[in-house]
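Trainee: Output the structure for:
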Amino acid sequence: MTDTPLILWFRRDLRLADHPMLAAAVASGRPLIPVFLLDPETEGQGAAPKWRLGLGVEHFAARLGAMRSRLTLRRGPALDALQRLIGETGAGGVWWSRLYDPASVARDAGVKAALKAAGVEARSFAGHLLHEPWEVETGQGGAYRVFTPFWNALRGRPVPVPAAAPVALRGPTSWPASDRLADWRLGAAMNRGAAVVAAHVRVGEDKARARLVEFLDRIAPRYAETRDLPGVDGTSRLSEPLTYGEIGIREVWHAGHRAMQEGAAGAGSFLRELAWREFSYHLMHHTPQITQANWKPEWDDFPWAGDSPAAERWRRGMTGEPFVDAAMREMYVTGTMHNRARMIAASYLTKHLMTHWMLGQAWFADCLTDWDPAANAMGWQWVAGSGPDAAPYFRVFNPAGQAAKFDADGAYRRRFIAEGQGARAPAQARAYFEAVPRSWGLDPQAPYPAPVVDLAEGRSVALAAYGARET
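Mentor: Reported below is the predicted structural model:
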């Protein structure tokens, strides 16, 4: 059996180090056939994450090539593609790293059952999280619904030491045929925006690790103060490589823990933010409806509005509220959005505009290169009030007040809003008009738009609606 090939099905784990599945496969001594599948679940992703995934796959394929291995690309339903590969290669097993969103769980369960029924070894491994979502339990053996007790339980648990990258992968006697990545056209829906966003992505394991080192050396000591300031380089910017598994979460955790032990003042706050990522997956595992319905079912009759001209102005970054618009424009230019800005943009849509959180969730899923199914769902529902938060009723972020507190010098707003700056407008502010669809007909020389809604009036309407729900 040691010479029977293994198919390694890579998904959101495009790295070599801190990779439990890959380490176990190399230790088995068997010939390894790395595979990436463009199945319906993967192909159904939004424009920006699918384009960014393509960049990651291309880079990972090159890394494997440098090790005299290959990444075989196939398109179609996962089980069909894997069965064809098994028939072509004589593989005796298929291994993969687990994913936890409802669609992936259903797909993987079907694949595992069908392969085992056919006598093919099918194994799934941890690797995307610090701990599997079912491993962190309350004292009664149940799931957590509030972050702080989850964090208290998580931080005391030992995290396995990550494995080093293998120095070589044993290949099969002959390689199966592969699709051409270019033929998949994963970036087609990005249109002209791809050229703009491409300047801001860092693809691959080496760049992710370099950013981790840079963050811990330069930013972590003041992270607790800078993480809420979108106008400065004050966050890790690791959400994107973590999304595609270009760096292992265990590696990040251990590096952050070492920095904390060595006296980096903000490293503890950084570890807490990593725990929020874990919490989102914990919630998605135990309450999978969080991705497509109100986490609290009593919110099902809340009078949120559907799509509207006001929501369209939000999508375009033309609400007339500079902090909100800067946030949306940052997303179109860089592919990501500062976390504080995400909260402000989400609060404005769901509360000042009283628009359903699912509209915002879907838009972020189409536009963010660091889109994560668990974090996106939890974040939107947390802000909207329908999600896991003890007291969301009165939380209505005032964009102007938030700007005064977290962008006091206006650096963030100037960086992304060109109107009114003329020739002095920064390149990123001008790039927004190069990234968005031409059909929007936007002009940096046009006047900045008037506000969609008066902030005080919008807050009053929201509080009245939330208050009526509470009575």
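Trainee: contact partners of the lowest-mean-pLDDT helix or strand in the chain?
Mentor: The helix or strand of the chain with the lowest confidence, counting by mean pLDDT, DSSP states H and E, is helix 455-470 at a mean of 83. For helix 455-470, contacts defined as C-beta atoms under 8 Å, 6 or more residues apart in numbering pick out 299, 302-303, 321, 351-354, 385, 393-394, 396, 398-400. In short, each C-beta sits where N, CA and C put it, glycine included.
Trainee: If we use 6 Å, what do you get?
Mentor: 302, 351-352, 393, 396, 398 (C-beta atoms under 6 Å, 6 or more residues apart in numbering).
Trainee: from the residues you listed, which would you call buried?
Mentor: By neighbour count, with 16 or more other C-beta atoms under 10 Å, those hold 302, 351-352, 396, 398 as buried.
Trainee: Tell me the buried residues in the strand or helix carrying residue 310?
Mentor: Using DSSP states H and E, residue 310 maps to helix 309-315. Residues 310-311, 313-315 are the ones in helix 309-315 that count as buried (16+ other C-beta under 10 Å).
Trainee: Just the C-alpha atoms of that helix, please, in CSV.
Mentor: Taking C-alpha atoms only, helix 309-315 is exported to CSV below (Å, rounded to 0.1, in the frame of the first residue of the first chain):
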residue,chain,number,x,y,z
PRO,A,309,-31.5,53.7,-4.4
ALA,A,310,-30.1,54.6,-1.0
ALA,A,311,-28.5,51.1,-0.7
GLU,A,312,-27.1,51.6,-4.2
ARG,A,313,-25.5,54.8,-3.1
TRP,A,314,-24.0,52.9,-0.2
ARG,A,315,-22.6,50.2,-2.6
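Trainee: What's the mean pLDDT across the very next helix or strand once past it?
Mentor: Next in sequence after helix 309-315, counting helices and strands by DSSP H and E, comes helix 322-334. Taken as a whole, helix 322-334 has an average pLDDT of 98.
Trainee: ok now the helix or strand that helix 322-334 is followed by, how far from the chain's centre?
Mentor: Remark: after helix 322-334, the chain's next helix or strand is helix 339-347, criterion DSSP H and E. Averaging C-alpha positions (C-alpha atoms, centre = their mean, to the nearest Å) puts helix 339-347 15 Å from its chain's average.
Trainee: residues in contact with helix 339-347?
Mentor: So helix 339-347 is contacted by 228, 230, 323-324, 327, 360, 380, 383, 397, 399, 402, 406 (C-beta under 6 Å, 6+ apart).
Trainee: do stretch 129-139 as well
Mentor: Identification of contacts with stretch 129-139 by C-beta under 6 Å, 6+ apart yields 126, 153-154, 159, 249, 253, 278, 281-282, 285.
Trainee: Reformat these into JSON lines and put pLDDT and neighbour count next to each item.
Mentor: As requested, the contacts of stretch 129-139 are arranged in JSON lines below (pLDDT from 0 to 100; neighbours: other C-beta atoms under 10 Å):
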{"residue": "126", "pLDDT": "97", "neighbour count": "15"}
{"residue": "153", "pLDDT": "95", "neighbour count": "16"}
{"residue": "154", "pLDDT": "95", "neighbour count": "22"}
{"residue": "159", "pLDDT": "96", "neighbour count": "15"}
{"residue": "249", "pLDDT": "98", "neighbour count": "21"}
{"residue": "253", "pLDDT": "98", "neighbour count": "20"}
{"residue": "278", "pLDDT": "97", "neighbour count": "21"}
{"residue": "281", "pLDDT": "98", "neighbour count": "23"}
{"residue": "282", "pLDDT": "97", "neighbour count": "29"}
{"residue": "285", "pLDDT": "97", "neighbour count": "19"}
